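# I need the structure of the sequence given here:
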Amino acid sequence: MSNTVVSSLWKRAVTGQGGLLSGVDPSAFTTADPLRLWIIQMGIILMMGQLLSLGLGKIKQPKVIAEVLGGILLGPTAMGRIPGFTQHIFPTQSLPYLSLVANIGLCLFLFIVGLEIDGSVIKRNVRSSLFIALSAMALSFALGSAISVPLYHNFIPSTVKFTYFMLFTGVSFSITAFPVLCRILTALQLLDTTVGVIVLSAGVCNDVVGWSLLALAVALVNATSGLTALWILLTCLAFTAFLMWPVRIALLWFARFTGSTENGPTMLFMTVTILIFWACSFFTDIVGVNAIFGAFLAGLIVPREGGLAIALTEKLEDMVSIIFLPLYFTLSGLNTNLGLLNNGITWGFTFVIICLDFAGKFTACTITARITGMSWRESSTVGSLMSCKGLVELIVLNIGLAAGILTQRVFSMFVFEALILTFMTTPLVSTLYPPERRTRAALGGVSRASTGDPDEDKSDRKFPMTENQPWRSRFAIVLDKFDHMSGMLVATQLVCPPSLETPSATDPRSTTSTKASDKVKMPEVSVDALRLIELSDRTSDVMKSSAVDTLIHTDPLLSVFRTFGELNDIPVSLSLSIIPYDDMPGTVADHAKRYGSQLLLLPWLSPSSNFGNTNEDLQGPKTELNPFEALFGGSKHTGKSAAVIHSQFVRRVFAESKTDVALFIDPAGTGTGSARHIFCPFFGGPDDRLALEFVVQLCANPRMSATVVRMTKSSPESAAVERPSLAHLEEKASMDMPDLGYQMPVPSNTVFPDTFYGQANTEMRFESETANNILWARYANSQLSEDTPASLSAALSRIKFSEHSSPLPLHSAIQLASAHKPVLVVVGRSRRLAVEDHTAELRQIFEERGSVGQDVIRKTIGDPATAVVASGCATAVVVLQASNVDID
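You can find the predicted model right below:
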């Protein structure tokens, strides 16, 4: 007995001793060692899916299209026609092993689908979503039942009961692929629109009802009689009720008991949940309903409190989406043979199936959405989205094929129909509902939320800004990660005075009296904080976008900023947006415009500590390295460091924003520390004028002082510096691209998107120089009189103005800034109408300090700020860019 056990345990090792070196075919299938061939199959399946997704992803098609198409190509439709391919790679004996793994993955996928479904989504639009979902299902089921009659007589053998075939056809027509629908809404940025909210709610309703109908169909097929089918149905209803009440309540208590609702799922909670998941799958399978329904029910009862369902999804989704689902699609592809669509009758029926399926969903959803009050454009978009099929219909079809209800020809016809309808969804929606026609959702939007009224457009608010009081009082703050948090808190505290009314006599240099009329009166400050979270194609991220109304109250960054505002008596409005990384700059610019912000504050941890090192992890999207993308250029972020990617984000905000922008550079990552002195080198131009006004506003704080130096370049005989060219930047822009107007961003396919400006004529440069002189005279050469507002007098009394001429102005600015420690340097970006060309001198500074790879930094923050950052003379740096407006 013992010898038998030992021999069986070592059977695999003995079988594979020689291996490839002994001339054994590694792809030869043996029941004793099925792992080798399984690995080969897995590699081919994954590579095929990745290659197809690269091309289809560029036209915003969901990944499921590539995976289904990959499975079809690996089947008898294409590669199966290669002699020996199927027998060698996908032999019939190996399919049970492949099927076992695929069905395990399918159960896990249905568990995740159950986790995705959130009852609060339905409650937002319960009446309209139910009306749309049920009406669409009713009409689609009726059309499916109608087309099943000629299909049955032409393609289905008489041994199959017509009622079974009609039931599966009706369910196939009425189903909507909710998981694929979520991905399409994400790719098209529709989650925060009225259409997105309605479709998401209706999709949930459709999903629940559709799975219930499929369970009923499977129960009827597996039952030996009508009475047995009734018992199966009643048993499933009782089991569902048992799960939804006692088990769900007990699982919620257990999650709280283990601390999973506060700190994420513990190992014990995960173990119990997985056991419940497999127990549910086992029960529904043995009573005559497929195991996937038990997995779906198990996902529904997992608590949503504290983002527990999202955390659980994050732990499971990668393995399911990368390994298991492609296997299932391949099995479907192996059963699909489009070569069987080889005559006019078959193609005619296929065309009719596609038209009827689309017409049923589109017509019913469009009409019912119109009845609920949506416009015709929005209603037709809802109808187009609800006609999406994808994975869910494939599951229905595979169950029908396994039960012998569908033949391979009919199965192939319906797979082709599902592929076409899913492929149509994205271009159709993009045409019907372009970005300029979209309407943001009302309170409770899906991907955006705000603690204020999200529908209130504050862009038309008027703020009194005069020459005597150029204070900016409404600020937009961008929060993206904890590393930037300290800098943003310090920046907010800088722009907001310590109190709204401070006696000017607190500064000993002030000559004004301390009577009540001379108090420094500052406009009321308001801060709008925007929290940005990247939205990827992961299921968990889509779930987060649905729970954004909860996240805005639990997000740690927003909680910190909310507390900061309360402690400093600063009115704070909080917003949260979950969007793809490439859409973040436009969202930031739109947020600043919508809230009427006068200054947009951006964070950036400068790479000064390791200047030019592109490997430093500063900020960027969640880039996932993909060797196929590296080879074929499928991702714009492949091969770029986080610092480079974030610099592109900053430049795109500079390019797209119609608001004044301040970039807070924090080299040490600790804020300004004890810096109470400001140094501002004034070179001239709209950005430097904004920097000067910003310094005056900062010095309204009695604890701040400043030194402002007007820098000019002296004798051009200096050998170290070339003669400056006023049109340097404009000429550079004209060489790179044609005249595009006043301010245009580079197209997104450029490696380094930058802010370029059109040709600046002599009149524009003259007006800019005149504005420089007027502003300098107003602040530096003005004599304080009794008519000067106390707030401006107090600010100017803390600023020391001077002029400095040097053949090396950047060197001089660094030397002057170094005289104050610690110091906050405020400088203009100077990428528009720059007075001087600092290229040669900046190159000299880099050579002196041994810095390399500075081009990314220079393009982002401009030459003067780059010199300051590279020198390390500043505790922190604020780089300002004036909004794109005509020069006064």
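
# to what extent is residue 794 buried, counted in neighbours?
For residue 794, the neighbour count with other CB atoms under 10 Å is 27. Heads up, the C-betas are built off the backbone N, CA and C, glycines and all.

# hang on, it packs against residue 703?
No. Judged on CB atoms under 8 Å, residue 794 makes no contact with residue 703 at a distance of 12.0 Å.

# would you map the strands across the stretch 501-650 of the chain?
For the stretch 501-650 of the chain, the strands defined by DSSP state E, counting those that start in this stretch occupy 501-503, 519-521, 526-534, 572-579, 599-604.

# neighbours of residue 705, just the number please.
18.

# pLDDT below threshold where in the stretch 451-600 of the chain?
Counting by pLDDT under 70, the stretch 451-600 of the chain has low-confidence residues at 451-470, 497-523.

# same thing but 80
Scanning the stretch 451-600 of the chain for pLDDT under 80 picks out 451-471, 497-524, 536-538, 542, 545-550, 580.

# quick one on the thing from earlier: rebuild the strands of the stretch 501-650 of the chain as a markdown table, extending it with distance to residue 216.
Listed next are these as a markdown table, based on distance: least, CB to CB, whole Å:
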| stretch | distance to residue 216 |
| --- | --- |
| strand 501-503 | 71 |
| strand 519-521 | 73 |
| strand 526-534 | 40 |
| strand 572-579 | 37 |
| strand 599-604 | 55 |
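
# of those, which approaches residue 683 most closely?
Residue 683 lies closest to strand 599-604 among the strands of the stretch 501-650 of the chain, at 20.5 Å (CB to CB).

# contacts for that closest one next, please.
Strand 599-604 has contacts (CB atoms under 8 Å, 6 or more residues apart in numbering) with 472, 474-480, 484, 487-488, 491-492, 495, 588-589, 592, 618-619, 646-647, 650, 653, 657, 659-666, 694.

# residue contacts, residue 110?
292, 293, 295, 296, 299.

# give the buried residues for stretch 421-432.
By neighbour count on 16 or more other CB atoms under 10 Å, the buried set for stretch 421-432 is 421, 422, 423, 424, 425, 426, 428, 429, 430, 432.

# would you mind listing the buried residues in the helix or strand in which residue 129 is found?
Assigned by DSSP states H and E, residue 129 belongs to helix 126-155. Within helix 126-155, the residues that count as buried by 16+ other CB under 10 Å are 128-137, 139-141, 143-148, 151-152, 155.

# and which of the buried residues of stretch 421-432 is nearest residue 216?
residue 421 (23.7 Å).

# hang on, residue 250 in a strand?
No. Secondary structure of residue 250 (DSSP: H, G, I helix; E, B strand; the rest coil): helix, not part of a strand.

# residues near it, how many?
Residue 250, neighbours per other CB under 10 Å, totals 13.

# low-confidence stretches in the stretch 701-850 of the chain?
Within the stretch 701-850 of the chain, the stretches with pLDDT under 80 are 714-765, 781-791, 830-837, 849-850.

# would you map the helices across it?
728-736, 762-780, 790-796, 809-818, 839-849 (DSSP state H, counting those that start in this stretch).

# also the stretch 401-550 of the chain?
For the stretch 401-550 of the chain, the helices defined by DSSP H, counting those that start in this stretch occupy 408-432, 485-495, 539-546, 548-554.

# and those, which is most packed in?
helix 539-546 (a mean of 23; mean count of other CB atoms under 10 Å).

# residues in contact with that helix: which ones?
With CB under 8 Å, 6+ apart as the criterion, helix 539-546 contacts 112, 115-116, 118, 121, 179, 182-183, 186, 191, 200, 307, 309-311, 313-314, 317, 321, 446-447, 533-535, 551, 578.

# what inclination does it have with respect to strand 526-534?
Orientation check (axes from the mean of the first three to the mean of the last three CA atoms, to 10 degrees): helix 539-546 against strand 526-534 gives 150 degrees.

# quick one on the thing from earlier: the contacts of helix 539-546 in strands, which ones?
533, 534, 578 (DSSP state E).

# closest one of those residues to residue 402?
Nearest to residue 402 among the ones in strands among the contacts of helix 539-546 is residue 578, at 38.8 Å by CB to CB.

# so what's that closest one bridging to?
Taking DSSP bridges as the rule, residue 578 bridges to residue 533.

# contacting residues for it?
Contacts for residue 578 (CB under 8 Å, 6+ apart) come out as 191, 447, 448, 533, 534, 535, 541, 544, 545, 548, 551.

# okay, now the fourth one: neighbour count?
In other words, residue 533. Around residue 533 there are 21 other residues, counting by other CB under 10 Å.

# go ahead and confirm it touches residue 577.
Yes. Assessed by CB under 8 Å, residue 533 is found in contact with residue 577 at 7.3 Å.

# list residues touching both of these two?
With CB under 8 Å, 6+ apart as the test, residue 533 and residue 577 reach no residue in common.

# still on that earlier bit, which of the strands of the stretch 501-650 of the chain is buried the deepest?
It is strand 599-604: most buried of these by mean count of other CB under 10 Å, with a mean of 24.

# strand partners of that strand, parallel vs antiparallel please.
strand 474-479 (parallel), strand 660-665 (parallel).
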